[in-house]
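Asker: Let's see this in three dimensions:
(chains A and B)
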Amino acid sequence: MLSVRNLHVKIDELSILKGVDLDVADGESLVILGGSGTGKSVLLKSILGLIPKQRGTVTINGVDIDNVTKDEREKVLSRVGMLFQGGALFDSLTIWENIAFGLIHGQGMDPGAAQKIAFDVMQQVDLERRTAFLHPDSLSGGMRKRVGLARALASKPKIIFFDEPTTGLDPITSNIVNGLIVRTVKCSEIGAITITHDLDSLRQIADRVAFLFDGKIIWTGSVQGMDNTENPYIRQFIDAKTTGPLTDRNAR
Amino acid sequence: MNTLAYIGRHTINLCTSYGQYIIFLYNSVQKGLSPPYYWRQILIQLKDVGFYSLPVIGLTAIFTGAVLALQSYTGFSRFSAESALPMLVVLCITRELGPVIAGLMFAGRVGATMAAEIGTMKVTEQIDALTTLSTCSYRYLYWPRIVAGLITLPMLVFIFDIIGVLGGLLVSVAQLDFNAQQYLKMTEQFVQAEDVISGLIKSAFFGLTTALTGCFKGATSSGGSAGVGRATMNAVVLSSITILCLNYILTTIIFSK
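Answerer: Just a heads-up that it's a prediction; the model follows:
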């Protein structure tokens, strides 16, 4: 469903991604693991076209998004949802307006119909109806993540990206958000790519794990495979050791 | 050699910034003029940018007119030309002080708001979120603000002109022993349509520049809250300097005949 080949991205002359390859199938949950500053968020944003890439191809549902018309590209990308790290909710709009935003402004749907869908999706992510008319600044971190998730789900995406969905949340709220992600991916049969540092979260949501280091995916496998691997990079990360190839500059 | 490299680097940076600014203007106009149109956003901006600027513009206008009358009276009385006061007040306000002072106040209030609001949206990934929700930021965010700047500043300047003249009238009647009817009659006699229109034309340019600079600086801000602060300051400084430079150029063009 989603296929990335030989993706290269530079920001301010600095090579961030140096040939990333990855695939995500329908209903599969891929978790990308990696240290801070390894380009995990850049990877998601370059797939979405928010950051320009130097080289490489991104294919979604068999469509190479760089070799189609602008309209077709927009149509394909409109079926990709994203939950941003901080939620990225629009402060000036109410919760239901945030959730229905893509439907009203992106797809031109009637606000009444969009509001109905927004209320349905709110129920799906366990948000109470009374929060619909509040503004984002009156919500807790966990609720903001749920609103972000609801907004990403409202346009019925075929694939969804989660950028550190549990960062900054307490363990209980993290579990709730993880549960929502698992339920969303499994019930809706959509593909998901999640970026996280949180190993507990990873164990709950991942079907497959990819490890990003020095601009490349250096390892992929199952959660069990990750726990049992002798790969020194993965071992250092899982065991949280301060010395090893991840922190050794010469390993790069 | 280092000096040359320094000058070269800054020249390239300056040219790059101006190039980006022109591309930003082009994209805003090109995308703003093609559907979908966000009429509600334009109306919201007209209200926020125009209507809510009225108190600031009104207060500035009344005090500008009042001080102008007081100071001019002092000067004119030295060679017994006090009767020219209404003429000076109305010409100064409509031709120069109205567009320039209202423009500078507008840059401070509206330019700063736009840069801070859009800059915050940029650093909190709200603009990226817009794109992922199939919404063009040029059409939804920038174009309504640019249109609002272009339309509302001339309206505000027209109001500034009226209130400014009234400020001059109030001081002249209350403190300088002018007759109100006589003052208004002289004002009406001296002022011509082109005096007012020239100010309105200039203010349309100032409004466009302010909104465009605010949006551009916000959209290109980076580096968290400090970056937004810098973008806001740069937007106000750049808009204000541009207004003063443009004022000179436009005055030269409009009044060259």
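Asker: Name the residue of the stretch 151-257 of chain B that lies nearest to chain A.
Answerer: Residue nearest to chain A within the stretch 151-257 of chain B (Cβ to the nearest Cβ): residue B:222, separated by 10.4 Å. Glycine gets a C-beta too; all of them are placed from N, C-alpha and C.
Asker: you'd agree that residue is in a strand?
Answerer: No: note on residue B:222: no strand contains this position according to DSSP: H, G, I helix; E, B strand; the rest coil, which reports coil.
Asker: Quick check on it: phi, psi?
Answerer: Residue B:222 adopts backbone torsions of phi -150, psi 160, taken as degrees, to the nearest 10.
Asker: Now for it, how many residues are close by?
Answerer: Each residue near residue B:222 was counted by other Cβ atoms under 10 Å in any protein chain shown, and the total is 12.
Asker: again, but for residue B:185
Answerer: By other Cβ under 10 Å, 12 other residues sit near residue B:185.
Asker: which residues are in contact with the one helix or strand it maps to?
Answerer: Under the criterion of DSSP states H and E, residue B:185 resides in helix B:180-190. Under the contact criterion Cβ atoms under 8 Å, 6 or more residues apart in numbering or on different chains, helix B:180-190 has outside partners B:83, B:86, B:87, B:89, B:90, B:91, B:165, B:169, B:172, B:173.
Asker: Among those, which lie within helices?
Answerer: Assigned to helices by DSSP state H, the following of the contacts of helix B:180-190 qualify: B:86, B:87, B:89, B:90, B:91, B:165, B:169, B:172, B:173.
Asker: For these, which entry has the maximal number of neighbours?
Answerer: Taking other Cβ under 10 Å to define a neighbour, the member of these with the most is residue B:89, carrying 30 neighbours.
Asker: and residue A:16, helix, strand or coil?
Answerer: Reduced to three states by three-state DSSP, residue A:16 is strand.
Asker: Distance to residue A:212 and pLDDT for the ones in helices among the contacts of helix B:180-190 - can I get that in CSV?
Answerer: As requested, the ones in helices among the contacts of helix B:180-190 are exported to CSV (distance: Cβ to Cβ, whole Å; pLDDT from 0 to 100):
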residue, distance to residue A:212, pLDDT
B:86, 74, 94
B:87, 74, 94
B:89, 69, 95
B:90, 69, 96
B:91, 68, 95
B:165, 67, 96
B:169, 72, 96
B:172, 74, 96
B:173, 76, 96
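Asker: mind listing the helices for the chain?
Answerer: In the absence of a named chain, chain A is used. A:40-47, A:70-77, A:95-101, A:111-124, A:141-154, A:171-188, A:199-205, A:223-228, A:232-238.
Asker: I was thinking of chain B, sorry if that wasn't clear
Answerer: Remark: helices of chain B, listed N- to C-terminal, are B:2-32, B:39-45, B:54-77, B:85-91, B:98-106, B:112-123, B:126-132, B:137, B:143-174, B:180-190, B:193-219, B:224-254; assignment by DSSP H.
Asker: does the shortest one come close to chain A?
Answerer: No: with Cβ under 8 Å from any Cβ of the partner chain as the threshold, helix B:137 lies outside contact range of chain A, at a closest distance of 11.0 Å.
Asker: what about that helix, average pLDDT?
Answerer: Along helix B:137, the predicted local confidence has a mean pLDDT of 95.
Asker: likewise stretch A:125-140?
Answerer: Mean pLDDT, taken over the full extent of stretch A:125-140, equals 92.
Asker: That one: end-to-end distance?
Answerer: The distance separating the two terminal residues of stretch A:125-140, taken as Cα to Cα, to the nearest Å, comes to 15 Å.
Asker: can you check stretch A:213-224 too?
Answerer: The first and final residues of stretch A:213-224 sit 20 Å from each other (Cα to Cα).
Asker: in that stretch, what's buried?
Answerer: Judged by neighbour count using 16 or more other Cβ atoms under 10 Å in any protein chain shown, the buried positions of stretch A:213-224 are A:213, A:214, A:215, A:216, A:217, A:219, A:220, A:221, A:223.
Asker: looking at it, the last one is touching residue A:209, isn't it?
Answerer: Yes: Residue A:223 lies in contact with residue A:209 (Cβ atoms under 8 Å); the separation is 6.1 Å.
Asker: wait, doesn't residue A:89 sit right on residue A:147?
Answerer: Yes: taking contact to mean Cβ under 8 Å, the distance of 5.9 Å between residue A:89 and residue A:147 places them in contact.
Asker: Need the overlap of contacts for those two.
Answerer: Here residue A:89 and residue A:147 share the contacting residues A:98, A:136, scored by Cβ under 8 Å, 6+ apart.
Asker: re the thing from before, so for the helix holding residue B:185, what gets flagged as buried?
Answerer: Neighbour-count burial for helix B:180-190 flags B:183, B:184, B:186, B:187 (criterion: 16+ other Cβ under 10 Å).
Asker: just the helices of chain A: most buried one?
Answerer: Mean neighbour count (mean count of other Cβ atoms under 10 Å in any protein chain shown) peaks for helix A:95-101 among the helices of chain A, with a mean of 27.
Asker: picking up where we left off before, what's the closest of the ones in helices among the contacts of helix B:180-190 to residue A:175?
Answerer: residue B:165 (68.2 Å; Cβ to Cβ).
Asker: give me the residue from the stretch 101-250 of chain A nearest chain B.
Answerer: Here the stretch 101-250 of chain A gets closest to chain B at one residue, residue A:106, 3.0 Å apart by Cβ to the nearest Cβ.
Asker: if I pick that residue, what's in contact with it?
Answerer: Under the criterion of Cβ under 8 Å, 6+ apart, the contact list for residue A:106 reads A:78, A:155, B:133, B:134, B:135.
Asker: how close does the closest residue in space to it that isn't next to it in sequence get to residue B:121?
Answerer: If the residues on either side of it in the chain are set aside, residue A:106 comes closest to residue B:134, at 3.0 Å by Cβ to Cβ, 6 or more residues apart in numbering or on different chains. Here the criterion is Cβ to Cβ, to the nearest Å. By it, residue B:134 lies 17 Å from residue B:121.
Asker: Between these two, which has more neighbouring residues?
Answerer: Ranked by neighbour count (other Cβ under 10 Å), residue B:134 and residue B:121 place residue B:121 first, with 24 against 19.
Asker: The more buried one against residue B:128, yeah?
Answerer: No: counting by Cβ under 8 Å, residue B:128 is not a contact partner of residue B:121; they are 9.4 Å apart.
Asker: check contacts around residue 103.
Answerer: No chain was given, so I picked chain A. Under the contact definition (Cβ under 8 Å, 6+ apart), the residues listed for residue A:103 are A:109, A:113, A:114, A:117, A:118, A:154, A:155.
Asker: not what I meant, chain B
Answerer: Taking Cβ under 8 Å, 6+ apart as the definition of contact, the neighbours of residue B:103 are B:153, B:157, B:202, B:203, B:206, B:207, B:210, B:243, B:247.
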